[in-house]
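S.K.: here is the input, now give the coordinates:
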Amino acid sequence: MGKEVSDMVAANYDREGASEGHKGLMLLFGPIVGLAYVVALPFIGIGMIASLVVGRVFEAAERLFGSVVHFGWRPDEAYLAGKKKKAQGKRAKK
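M.R.: Below you'll find the model as predicted:
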């Protein structure tokens, strides 16, 4: 079965007008692309490990400083009628 499939693929490829030059280029660039992948693979791994470590550090910092540092943005509170102004109470006392 494998031989029949490869013959059909080769027949289709030849029917589409692939010249010998294109086949040679594919044979040339195949190992080059493979080499580029092999060279890039360690950098991809290092990047993944660095991303994991940085994420864990930020999670730990958030747990540590989360209760101390307050950014003032609380999405669970909605002041649809507006905030009450404290300045009006001070003016009324004067």
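S.K.: how deep is residue 48 tucked in, by neighbour count?
M.R.: By other Cβ atoms under 10 Å, 10 other residues sit near residue 48. In short, each C-beta sits where N, CA and C put it, glycine included.
S.K.: host element of it?
M.R.: helix 20-65 (DSSP states H and E).
S.K.: and residue 67, what element?
M.R.: Counting by DSSP H and E, no helix or strand carries residue 67.
S.K.: next, count neighbours for residue 23.
M.R.: For residue 23, using other Cβ under 10 Å, the count is 12.
S.K.: that one and residue 37: what is the separation?
M.R.: 21 Å (Cβ to Cβ, to the nearest Å).
S.K.: repeat for residue 56
M.R.: Using Cβ to Cβ, one gets 28 Å for the distance from residue 56 to residue 37.
S.K.: now do residue 27
M.R.: With distances taken as Cβ to Cβ, residue 27 is found 17 Å from residue 37.
S.K.: in this structure, where is pLDDT below threshold?
M.R.: Low-confidence regions of the chain, defined by pLDDT under 70, span residues 1-3, 5-21, 70-71, 81-83, 86-94.
S.K.: look at residue 69 and tell me its secondary structure.
M.R.: Classification of residue 69 using DSSP: H, G, I helix; E, B strand; the rest coil returns coil.
S.K.: what do you get for residue 73?
M.R.: Here residue 73 is recorded as coil under three-state DSSP.
S.K.: could you report the neighbour count for it?
M.R.: For residue 73, using other Cβ under 10 Å, the count is 6.
S.K.: next, it: phi, psi?
M.R.: Backbone torsions of residue 73, given as degrees, to the nearest 10, read phi -100, psi 110.
S.K.: tally of neighbours for residue 27?
M.R.: Residue neighbour count, defined by other Cβ under 10 Å, stands at 9 for residue 27.
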